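[1] Any chance you could fold what I've pasted below:
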Amino acid sequence: MKSSLIWAAAGALITIYLCTFHNAVNYSDSQWDSLYMDYVTDFRKSYDSVDMFAARKEVFKANYLKMDNHNKNIDKTYEMGLNQFSDWT
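    Predicted coordinates for the structure are as follows:
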């Protein structure tokens, strides 16, 4: 339980940083929920607890924002996308 709270806190801090300092996606909570559930379904993810689900969702959000910010860069030499590791740090 303690480690899942640490994951959630770390993910939340990264998400706040990316939203504050970058021109990031501005989704509502329900849009994030829908996007994450699509990801969970598409990649057949399962988690041991509700806390782990929430922690991985925060990591996913941070990674998604990083991907979106990168892909908006006109000077990029490659494009990022979602994969089975998008909810990992």
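[2] and the longest helix along the chain, average pLDDT?
    Looking across the chain with DSSP state H, the single longest helix is helix 50-72. Here helix 50-72 scores 96 as its mean pLDDT.
[3] What of stretch 82-89?
    Across stretch 82-89, the average pLDDT comes to 96.
[4] What residue in this protein is the furthest from its centre?
    What lies farthest from the middle of the chain is Asp75; by Cα atoms, centre = their mean that is 23.3 Å.
[5] Could you give the backbone dihedrals for it?
    phi -90, psi 10 (degrees, to the nearest 10).
[6] returning to what we had before: counting by contacts, list what the longest helix of the chain packs against.
    Other elements packing on helix 50-72 under the criterion 3 or more Cβ pairs under 8 Å, 6 or more residues apart in numbering; DSSP states H and E are helix 2-21, helix 29-42. Using the backbone N, CA and C atoms, a C-beta is placed for each residue, glycine as well.
[7] To what extent is the nearest residue to Tyr27 once chain neighbours are set aside buried, counted in neighbours?
    Leaving out its chain neighbours, the residue that sits closest to Tyr27 by Cβ to Cβ, 6 or more residues apart in numbering is Leu35, at 7.0 Å. For Leu35, the neighbour count with other Cβ atoms under 10 Å is 17.
[8] Good, wrapping up.
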